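Chemist: Give me a model of this one.
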Amino acid sequence: MTLRGALLWIHVALGALWIGAALSFVLAAAVLDSGTGERQEFAARAAPAIGRVSLAAGVIVLLTGLGNIWTLGTSTAFHFRPQFLRILEGKITVYALMIIALFGALRASSKLVDARREGRSCETVIETGRLARFNLVMVLGGAIAMALGLWLAGT
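Modeler: Next up, the predicted model:
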């Protein structure tokens with residue numbers, strides 16, 4: 001396998017991991033009962049780990065994405081077609097939104113753990129909702145980024 005092929009596979013696999021981690025949180029938050037505190041308990045236990053996985057995956061997606069652009073650029077003397085650049089701009093924009101959502105989720109996770117430890121149940125409900133929304137943004141952004149990636153591969 002070439003370096004370009006390895007970078008692409010790692011990029012796609014870690015992107016899927018990031019989306020999958022966020023999706024697992026969103027689905028669990030949707031089905032668990034908030035009235036009994038089950039949803040908040042799950043969120044307080046799972047969100048820090050999901051956040052760390054998402055952060056690691058996000059960093060690797062960024063690095064492999066840059067590597068993919070570099071390997072493609074060296075083979076084309078960095079002369080990219082305008083359509084390729086427009087799609088790439090869209091993908092970078094979506095990635096930036098996902099990173100903003102990731103940092104929002106990490107912050108909400110930290111606040112949730114603190115609120116749970118200090119017994120502030122009202123705040124745990126609020127932060128769990130924020131976590132679900134931030135993770136949903138990452139899922140939707142990831143789906144768009146994957147679609148744009150497939151489009152890029154065809155150009």
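
Chemist: After the longest helix anywhere in the chain, heading C-terminal, what element do we hit next?
Modeler: Scanning the chain for the helix with the most residues, using DSSP state H, yields helix 38-75. Next helix or strand after helix 38-75 toward the C-terminus (DSSP states H and E): helix 82-117.

Chemist: Next secondary structure after that following helix?
Modeler: helix 121-153.

Chemist: buried ones in that next one?
Modeler: Residues 123-125, 127-142, 144-146, 148-149, 152 are the ones in helix 121-153 that count as buried (16 or more other C-beta atoms under 10 Å). (C-beta placed from N, C-alpha, C; glycine too.)

Chemist: re earlier: if you count contacts, what does the longest helix of the chain end up packed against?
Modeler: helix 3-31, helix 82-117, helix 121-153 (3 or more C-beta pairs under 8 Å, 6 or more residues apart in numbering; DSSP states H and E).

Chemist: Give me the angle between the longest one and helix 121-153.
Modeler: Yep, that's helix 82-117 we're talking about. 160 degrees (axes from the mean of the first three to the mean of the last three C-alpha atoms, to 10 degrees).

Chemist: Now do the same for helix 82-117: mean pLDDT, whole number.
Modeler: The average pLDDT within helix 82-117 is 96.

Chemist: and that helix, what does it pack onto?
Modeler: Using 3+ C-beta pairs under 8 Å, 6+ apart, helix 82-117 is in contact with helix 38-75, helix 121-153.

Chemist: Could you export the helices and strands packed on helix 38-75 as TSV, including distance to T71?
Modeler: As requested, the helices and strands packed on helix 38-75 are exported to TSV (distance: least, C-beta to C-beta, whole Å):
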stretch	distance to T71
helix 3-31	4
helix 82-117	14
helix 121-153	13
